[in-house]
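Asks: The sequence and its predicted three-dimensional model are supplied below.
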Amino acid sequence: YNVLIADRGNNRVIEVTPDKKIVWEYDFQNLLPGYGADDSFFTDGGKTVIVNLENDNTIQQIDYKAKAVTWQYGISGQHGSGANYLYHPDDAYKLPNGDIIVADIQNCRIIEISPDKKIMRQFGKTRQCSNKPGCLDAPNGDTPLPNGHILISTILNHSLVELDQQWNQVFSMPVPLKYPSDPQLTK
């Protein structure tokens with residue numbers, strides 16, 4: 001099978017075959033070196049790719065065939081916490097309902113964004129980074145789970161947090177890792 005790779009150092013996303021041939025490439029324009037996508041995921045049955053550009057403070061959805069950005073959240077090169085602003089976004093995932101979730105690291109929150117760019121839900125208190133109830137301490141992973149829950153990793157208090165479908169915290173545990181990142185379920 002082919003593999004989609006976010007090549008942040010070269011400001012591109014590539015799809016590579018098992019025999020190491022690049023069969024698709026998207027190059028980010030007008031970015032500083034190393035400001036390209038940190039993560040990339042196929043969405044919409046492979047018709048689009050969603051990426052987060054942490055250092056550029058944006059999330060983009062790219063049409064695979066046209067190689068064109070069809071949706072963006074965040075203002076390129078600017079950080080913030082108000083409408084259409086992010087501060088170091090990580091792990092943008094498109095949900096089955098069309099919304100996008102993202103870990104907004106420096107704003108210490110996980111947000112769900114509708115296609116028309118409204119924040120539908122939030123967990124964590126904006127810019128209140130801590131391990132107090134209802135807060136997150138630099139979340140950097142927000143993996144959707146098959147049961148509709150979200151598994152979050154936090155950098156500064158070295159923990160995993162699970163939210164249910166209503167975004168209530170149902171589980172939390174510290175992990176013996178210096179920098180837990182992007183938790184994924186295994187079989």
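Replies: Yes, it's here. Everything quoted here is computed from the prediction, not taken from an experiment.

Asks: Contacts only, for Val18.
Replies: I think there's a mix-up here, since residue 18 is Pro and not Val. 1-2 (CB atoms under 8 Å, 6 or more residues apart in numbering). (Each C-beta comes from the backbone N, C-alpha and C, glycine too.)

Asks: Need the phi and psi values for it.
Replies: The phi/psi pair for Pro18 (degrees, to the nearest 10) reads phi -60, psi -30.

Asks: ok, now how distant is it from Phe28?
Replies: Pro18 sits 26 Å away from Phe28, going by CB to CB, to the nearest Å.

Asks: just Pro115 next, same as before
Replies: From Pro115 to Phe28 the distance is 22 Å (CB to CB).

Asks: the more surrounded of the two?
Replies: Remark: of Pro115 and Phe28, Phe28 carries more neighbours, 20 against 13, as counted by other CB atoms under 10 Å.

Asks: I'd say the more buried one and Ser40 touch.
Replies: No: counting by CB atoms under 8 Å, Phe28 stays clear of Ser40, with 11.1 Å between them.

Asks: Show me the common contact partners of the two, please.
Replies: Contact criterion CB under 8 Å, 6+ apart; no residue bridges Phe28 and Ser40 by contacting each.

Asks: List the residues that contact Asp182.
Replies: Residues near Asp182 by CB under 8 Å, 6+ apart: 39, 91, 140-141, 143, 153.

Asks: and what of Ile113?
Replies: Contact analysis of Ile113 by CB under 8 Å, 6+ apart lists 59, 73, 99-102, 119-120.
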